[in-house]
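1. Okay, here's the prediction I keep looking at, along with the sequence it came from:
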Amino acid sequence: MNPMKRLGLAALLAVGLTLLASTPARAKKPGGEIGGDTWGPIELTNVGDEPQASGKATLTEVVLVDVYDSGLVHWQCYTGRLSVQCRHLTAGATYSIGTGWFLPAPMWTVTANSAGKVETSEDVYFEIGYSPTWEWPFDWVLSFPCQVGVFRLEPDGSSTKVLAGELRPPSPWDR
């Protein structure tokens, strides 16, 4: 083959590989594909004084918005839509629902209908953290999952946790 043709093919191959590697549509981010991932649904565990209460939570449209390391924890920041469905709550009582490691914030409030049901969806921002195992072979484990809590708001301004759960995402290193 002519050396000029060979040089031209090599240059074309290099340009093609560079374009393929730098195309955002081909890059797979830890947060999932365009449109976002779905985490859940998970059953919310009854932890309060409403023994019949039950519920489930799902995060949809989950998109990774930032990643940072605080030294000992690898943090991933996400946005998504949290949907919560609860049954057998106290009819007419007001509840606060939220996500985050440090519950009860951020939160929003809803009032149970006459049948004790609540169904709501809100856009949320949340962070999850991974910490190293410190054992060979070194690996990262989920140490701060997305917490979901349902609190009954009392007339005196206090609150009682009724339901709780953790949304555990798929490992970003397995995607």
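-> Now that the structure is in, tell me what you want to look at. Numbers count the residues shown, from 1 in each chain.

2. where do the strands sit along the protein?
-> Shown for the chain, the strands assigned by DSSP state E span residues 37-46, 54-69, 74-87, 94-99, 107-111, 118-132, 140-144, 146-153, 159-167.

3. May I see these arranged in CSV, with mean neighbour count and mean pLDDT as well?
-> Glycine gets a C-beta too; all of them are placed from N, C-alpha and C. Formatted as CSV, the strands of the chain follow (neighbours: other CB atoms under 10 Å; pLDDT from 0 to 100):
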stretch, mean neighbour count, mean pLDDT
strand 37-46, 17, 90
strand 54-69, 17, 89
strand 74-87, 19, 88
strand 94-99, 22, 84
strand 107-111, 15, 79
strand 118-132, 16, 84
strand 140-144, 14, 81
strand 146-153, 23, 88
strand 159-167, 20, 90
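
4. Span of stretch 152-162 from start to end?
-> Counting by CA to CA, to the nearest Å, you get 7 Å between the two ends of stretch 152-162.

5. And the contacts of it?
-> Outside stretch 152-162, the residues that touch it by CB atoms under 8 Å, 6 or more residues apart in numbering are 46-50, 53, 89-90, 93-96, 103-104, 109, 149-151.
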